[in-house]
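> my questions are about this predicted structure, shown below with the sequence.
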Amino acid sequence: MTDITFKTAADAPRKPPRAKRKPLLKLLFGDLLSAFLTVLAVLIILGLIPAFNWAVLDAHWVGGPAACQGGGACWSFIGAKARLILFGLYPPQAQWRATIVIVLIVAMVLVSLSPKLWNARLSLVWAAAIAAMLVLMGGGVLGLDDVPTSKWGGLPVTLLLAVLSLGLAFPLAVLLALGRRGKLPVARAISIFVIELVRGLPLVGLLFVAAILLPLLLPPEWTVDKLGRTLAALTIFAAAYLAEVIRGGLQGLDDGQIEAAEALGIPYWKMIWHIVLPQAIQNVIPPLTNTAIVMIKNTSLVLIVGVFDMLSAARSASTDPAWPAPSTEAYLFVAAIYFIICFSISIYSRHLERGVAARTHG
Amino acid sequence: MLSLWYSQRARSWAMQIALLGGLVLFVWWLAGNTHENLTERGIRTGFDYLWRPARFPISESIVRYDASDSFFWAYVVGLANTLWLSFLSILFATLLGLVVGLSRRSAHPLLSRFAGTYVTVLRNVPLIVQLLFWYAIATSLFPVPREALNPLPGVFLSIRGVYAPALTLGPGASMLLIVAAFLFVVALAAGFKLSAGKRLPAKAASVGLFVCLWVAVVVWLSGRLGHPIGLEAPALKGLNFRGGMVLSPEFAAIITGLTIYTSAFIGEIIRGGIDAVEKGQWEGARALGLSEHHIMFRIILPQALRIIVPPMTSQYLSTVKNTTLAVAVGYPELGLVVNTVINQTGQAIESILIMLAVFLSISLSVSAFMNWYNARVALVVR
């Protein structure tokens, strides 16, 4: 059954008339309230002048610790400590390996940007790339020096934790969401229990649980190192939040889709894989990217259980007694890196949303 | 037999039994491991440690605590700090978020851009980085007490913390407060009543007049009672400030960081809620000749609230959970106390169970409130 309609000029959606733009002066001083707000905004900007002076005019851009005396930011500290902040305690002679890992992750993310490429093959490529990254970071094979995870640090750890926790959490989240929406009461109860328990806890609590309880729960001969335990906590945390997002997508799906698939006799898992998930996930791309941003920001919390990510590297770099208390600059540098990563994702998500909107309303 | 295999019911039962059995086996395996590990390490279990003296200091608290108090009381102190921190940051963040949200919606170009930048920057930087940043400013960029910054009269920012005037209440203070609050309501009501239907300048003038009158009466009353309410300003004596109210650098950093971070999210929620109210509502109300102020408070906000409240409660809930990040700068909220107790006693399972119970009960009560609220304000569609 198809409806054939002819579009005529009269049916074309009429755009609303454009609002007249007010002249700037009227916007700024048109009435009492706007004049007051203008003055307020100018006052706020004036209030920021000392910060600007500190960061730019009085700042020291080159030179060693001695040049950084007096007020003003000490940006030369960032130059001197960039290696420590970006790579942590990773052995300098093997640093090229950590650099390749960063480049590899960024390249893989850039490759995966286009929704056209999202298929099973891409996830295999990702799995291979991640295996290659872990080999590069850890070494011990192929003639690479062995670097224990306690020596890993900085940006590669932050990126690896983000990518691995999201990647491992996603299938788990799909199972939890399906369980919660499904017909089996036992599966539903387990899913609800896990999701609500994890979402009710702060991530810091969960990190403590993983750091302290996991060694108690597993047999004594199994040792999971600190990085692995942290990854486990981040993964289960991400899974619970992603599950709720995916559940939203499943709820938004028309029941008719499932009924039609059942009527055609398509087996359950085939139906899920080819019919339900593609539509459900496409509907929740904006909240999924939001969760991804949240998880990337959350990786910084591993500092609390002593994992040496970029933030803890920055913190330990700024305790160098040779430099005059440069922690503010170190944190601003880390903040800038996080900002670039998270802001790019949010721009990308807006771009994807426009694509979805164009397909569905076009 | 084959028909049993194809029966949907039988298969779903078999699957559920397998699932449940697997889960029971898994939990049993974990419990066995834990038992073995605990006996191997000689860790006692049970909750009797709660009543032993804690013997560790807690640097600041809003309820009385000293090291001879029990572990149980230490948890209570941590929880009190968590709740106090949550309450203050939620309150401040809501006020600031309202300002941010309305600024972003305003037609004023400077203000909306400014608010937009504020939201973008703060939402894309992890909270813990922001907390450490504020803490670094409070403990390294702020000057020594002798050269303390003095942004407002009576408020001093120094490396030892933030000093502000403290309220001192003398005899008769409560009576003065009650009378002043009552007179304030009367003055406002009179001002609005007299200027009802007038334009904004006339309204502002009338309300302003009554507020001035109220201030005069309160000052006169306070004089008659011998100034029972006073401010004790901190003063520099020797190497540090004496008197007034002091916020430790830890507390100041946490409250600043949490408030500013959360306000960016709350601003977006409020803006989203107001934007989500249909444009036709504005247009219809304008066509009826209602004043802008009337449209906002009587027509738009009540509808926006229905959209705003659910995300706002989950934002509040995550703020409560975010207070646990105070661990990073060493403010003793519940998470830090739990961590210290684990280090002292080794009783990890019990401590974590307690933390779990506390946060779960907060979460569940908030979601119970949410369900009640949703049921109350839900749009009734006939």
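Sure thing, it's come through. Since the model is a prediction, treat every value here as computed from it, not as a measurement.
> shaky segments in the stretch 151-300 of chain B?
Within the stretch 151-300 of chain B, the stretches with pLDDT under 70 are B:199-200, B:238-239, B:243-244.
> which bits of the stretch 1-150 of chain A sit near chain B?
A:22, A:24, A:27-28, A:32, A:34, A:37-38, A:40-42, A:44-45 (Cβ under 8 Å from any Cβ of the partner chain). Where you see a C-beta, it was placed from the backbone N, CA and C, and this is true even at glycine.
> now tabulate those residues in a markdown table and tack on secondary structure, distance to A:F193 and neighbour count.
Formatted as a markdown table, the residues of the stretch 1-150 of chain A next to chain B follow (DSSP: H, G, I helix; E, B strand; the rest coil; distance: Cβ to Cβ, whole Å; neighbours: other Cβ atoms under 10 Å in any protein chain shown):
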| residue | secondary structure | distance to A:F193 | neighbour count |
| --- | --- | --- | --- |
| A:K22 | coil | 56 | 13 |
| A:L24 | helix | 58 | 9 |
| A:L27 | helix | 55 | 17 |
| A:L28 | helix | 57 | 19 |
| A:L32 | helix | 57 | 11 |
| A:S34 | helix | 54 | 20 |
| A:L37 | helix | 50 | 20 |
| A:T38 | helix | 55 | 18 |
| A:L40 | helix | 50 | 15 |
| A:A41 | helix | 50 | 20 |
| A:V42 | helix | 55 | 12 |
| A:I44 | helix | 48 | 13 |
| A:I45 | helix | 52 | 12 |
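> quick check, nearest of these to B:G197?
A:L32 (18.7 Å; Cβ to Cβ).
> wouldn't the closest one be in contact with B:P201 here?
Yes: between A:L32 and B:P201 a contact is recorded at 7.1 Å, counting by Cβ atoms under 8 Å.
> what's the burial count for A:A317?
24 (other Cβ atoms under 10 Å in any protein chain shown).
> name the nearest residue to whatever residue of the stretch 1-150 of chain A ends up closest to chain B, ignoring sequence neighbours.
Per Cβ to the nearest Cβ, the residue of the stretch 1-150 of chain A with the smallest distance to chain B is A:A41, at 4.1 Å. Spatially, and ignoring its direct neighbours in sequence, A:A41 is nearest to B:L110 (4.1 Å; Cβ to Cβ, 6 or more residues apart in numbering or on different chains).
> helices or strands next to the helix or strand containing that neighbour in the packing?
Here B:L110, judged by DSSP states H and E, is contained in helix B:109-123. Where contact means 3 or more Cβ pairs under 8 Å, 6 or more residues apart in numbering or on different chains; DSSP states H and E, helix B:109-123 is packed against helix A:24-29, helix A:32-47, helix A:327-361, helix B:71-105, helix B:249-276.
> which residue is nearest the centroid of chain B?
The residue lying closest to the centre of chain B (Cα atoms, centre = their mean) is B:I90, at 2.4 Å.
> so it is in contact with B:I266, correct?
No: using Cβ under 8 Å, B:I90 makes no contact with B:I266, being 9.0 Å away.
> buried stuff in the strand or helix carrying A:A239?
Using DSSP H and E, A:A239 sits within helix A:226-252. By 16 or more other Cβ atoms under 10 Å in any protein chain shown, the buried positions in helix A:226-252 come out as A:226-227, A:229-247, A:249-250.
> could you report the neighbour count for residue 57?
Picked chain A for this. Residues within reach of A:L57, counting by other Cβ under 10 Å, total 11.
> oops, wrong one, chain B.
B:P57 sits with 11 neighbouring residues when counted by other Cβ under 10 Å.
> repeat that for B:R113.
Neighbour count for B:R113, taken as other Cβ under 10 Å: 13.
> quick one: pLDDT of it?
B:R113 is assigned 88 on the pLDDT scale.
> now the one 10 residues further on
According to the model's per-residue confidence, B:R123 sits at a pLDDT of 92.
> show the contacting residues for it.
A:342, B:264-265, B:268 (Cβ atoms under 8 Å, 6 or more residues apart in numbering or on different chains).
> try A:G179
A:187-188, A:190-191.
> tell me the SS of it?
Of the three states, A:G179 takes helix under DSSP: H, G, I helix; E, B strand; the rest coil.
> wait, doesn't B:I159 sit right on B:V144?
Yes: counting by Cβ under 8 Å, B:V144 is a contact partner of B:I159 at 5.8 Å.
> more neighbours, these two?
Higher neighbour count among B:I159 and B:V144: B:I159, with 15 against 11, using other Cβ under 10 Å.
> grab the nearest non-local neighbour of A:Q282.
A:V356 is the one closest to A:Q282 (Cβ to Cβ, 6+ apart), at 6.5 Å.
> tell me how far the one you found lies from A:A280.
According to Cβ to Cβ, to the nearest Å, A:V356 stands 13 Å off from A:A280.
> more neighbours: these two, which one.
A:A280 (24 against 14).
> what's the spacing between the residue nearest to that one when sequence neighbours are not counted and chain B?
Among residues not flanking A:A280 along the chain, A:G249 sits closest, at 3.5 Å (Cβ to Cβ, 6+ apart). To chain B, A:G249 is 18 Å away according to Cβ to the nearest Cβ, to the nearest Å.
> mind listing what A:G249 touches?
A:G249 neighbours (Cβ under 8 Å, 6+ apart): A:279-284.
> pull out the buried residues from these.
Buried subset of those (neighbour count, 16+ other Cβ under 10 Å): A:280-284.
> columns secondary structure on top of these, output as a markdown table?
Converted to a markdown table, those look like this (three-state DSSP):
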| residue | secondary structure |
| --- | --- |
| A:A280 | helix |
| A:I281 | helix |
| A:Q282 | helix |
| A:N283 | helix |
| A:V284 | coil |
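> give me the number of neighbouring residues for the nearest residue in space to B:T256 that is not next to it in sequence.
Nearest residue to B:T256 in three dimensions, chain neighbours excluded: B:W134, at 4.9 Å (Cβ to Cβ, 6+ apart). Counted with other Cβ under 10 Å, residues neighbouring B:W134 total 22.
> got the angle for whichever strand or helix holds B:W134 vs helix B:109-123?
Using DSSP H and E, B:W134 sits within helix B:127-136. Per axes from the mean of the first three to the mean of the last three Cα atoms, to 10 degrees, the angle that helix B:127-136 makes with helix B:109-123 is 100 degrees.
> relative to the following helix or strand past helix B:127-136, what are the paired strands and their orientations?
Proceeding N to C from helix B:127-136, the next assigned helix or strand is strand B:149-152, under DSSP H and E. Under the criterion DSSP bridges, strand B:149-152 sits next to strand B:155-158 (antiparallel) in its sheet.
> fine by me, thanks again.
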